[in-house]
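[1] predicted model and sequence follow; I will ask about them next.
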Amino acid sequence: GENVEQHPSTLSVQEGDSAVIKCTYSDSASNYFPWYKQELGKGPQLIIDIRSNVGEKKDQRIAVTLNKTAKHFSLHITETQPEDSAVYFCAASRSDYKLSFGAGTTVTVRA
Amino acid sequence: NAGVTQTPKFRVLKTGQSMTLLCAQDMNHEYMYWYRQDPGMGLRLIHYSVGEGTTAKGEVPDGYNVSRLKKQNFLLGLESAAPSQTSVYFCASSPQGWEQFFGPGTRLTVL
């Protein structure tokens, strides 16, 4: 099955700085790559996703990049704010619509 | 529009007891999923359904059963609970199998 590795496991940034989380996947047939944000005591929430036919996607302060050749994708958060503090998960899926998740990154934004 | 709801929010079982977790969605989504979340391991797919009356195994199905008799409901059953099933359980639904919308979770402890 698909194996998704996520780094780093924890990330502490100063408010206003950028945060980058990286994931690699093993199955070259994977074609959908979402990112989820999970706040304490809540379920994961989709924040951005990218399909394999696109190299980059942006949504305000959040961007995702995909390198199919190297089988890795990254989440970039610019101008971080305290409300960005959460656990972030990457995931990958083939056309069978089953997501394989990374282990998560705990992001702390220091005021 | 309540989205995805899960019942109960918390439960404590003794080893060998049985229980059913209920997931309900009011978005008319075809796909529904059950995941478990354990520290440091991300989310792992237990079972999923691609439509009313259908179920399929995910990554970690052993010890669990599911049913989807109605489109809006997806039930997860534990016939004989074991301490290894102590976890947080999340249900999700999706209109077409890509973007998944998660419920708030059920925290289950098996003593």
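    Nice, I can see it.

[2] surely B:Arg68 and B:Ala56 touch.
    No - under the criterion of Cβ atoms under 8 Å, B:Arg68 is not in contact with B:Ala56, lying 10.3 Å apart. Using the backbone N, CA and C atoms, a C-beta is placed for each residue, glycine as well.

[3] overlap in contacts, those two.
    Counting by Cβ atoms under 8 Å, 6 or more residues apart in numbering or on different chains, the contacts common to B:Arg68 and B:Ala56 are B:Ser49.

[4] who's more crowded, these two?
    Legend: neighbour count by other Cβ atoms under 10 Å in any protein chain shown for B:Arg68 and B:Ala56, higher for B:Arg68 (20 against 13).

[5] can you tell me which residues contact that one?
    Counting by Cβ under 8 Å, 6+ apart, B:Arg68 makes contact with B:Met32, B:Ser49, B:Gly51, B:Glu52, B:Gly53, B:Thr54, B:Thr55, B:Phe74, B:Leu75.

[6] how close does it sit to B:Thr55?
    As judged by Cβ to Cβ, to the nearest Å, B:Arg68 and B:Thr55 stand 6 Å apart.

[7] how about the residues of chain B by chain A?
    By the rule Cβ under 8 Å from any Cβ of the partner chain, the part of chain B lying against chain A is B:4, B:31, B:33, B:40-45, B:48, B:50, B:58-59, B:90, B:92, B:94, B:97-105.

[8] and the strands in chain B, which stretches?
    Assignment of strands within chain B using DSSP state E yields the ranges B:4-7, B:10-13, B:19-25, B:31-37, B:43-49, B:56-57, B:65-67, B:73-78, B:87-94, B:101-102, B:106-110.

[9] dump those into CSV; add mean pLDDT and distance to A:Val54 as well.
    Listed next are those as CSV, based on pLDDT from 0 to 100; distance: least, Cβ to Cβ, whole Å:
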stretch, mean pLDDT, distance to A:Val54
strand B:4-7, 97, 27
strand B:10-13, 97, 41
strand B:19-25, 98, 28
strand B:31-37, 98, 22
strand B:43-49, 96, 24
strand B:56-57, 96, 28
strand B:65-67, 98, 34
strand B:73-78, 98, 31
strand B:87-94, 98, 20
strand B:101-102, 96, 22
strand B:106-110, 97, 35
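
[10] give me the most central residue, chain B.
    B:Trp34 (3.2 Å; Cα atoms, centre = their mean).

[11] surely that residue meets B:Cys91?
    Yes - when contacts are counted by Cβ under 8 Å, B:Trp34 is listed as touching B:Cys91 (5.7 Å).

[12] what touches both of those two?
    Any residue near both B:Trp34 and B:Cys91 by Cβ under 8 Å, 6+ apart counts here, and that gives B:Leu21, B:Cys23, B:Phe74, B:Leu76.

[13] B:Val66 and B:Leu21, how far apart?
    B:Val66 is 10 Å from B:Leu21, where distance means Cβ to Cβ.

[14] common neighbours of those two, please.
    By Cβ under 8 Å, 6+ apart, the residues touching both B:Val66 and B:Leu21 are B:Trp34, B:Leu75, B:Leu76, B:Gly77.

[15] pretty sure the second one contacts B:Met32?
    No - in terms of Cβ under 8 Å, B:Leu75 does not count as a neighbour of B:Met32; the distance is 10.0 Å.

[16] find residues that contact each of the two.
    With Cβ under 8 Å, 6+ apart, B:Leu75 and B:Met32 have common neighbours B:Cys23, B:Arg68.
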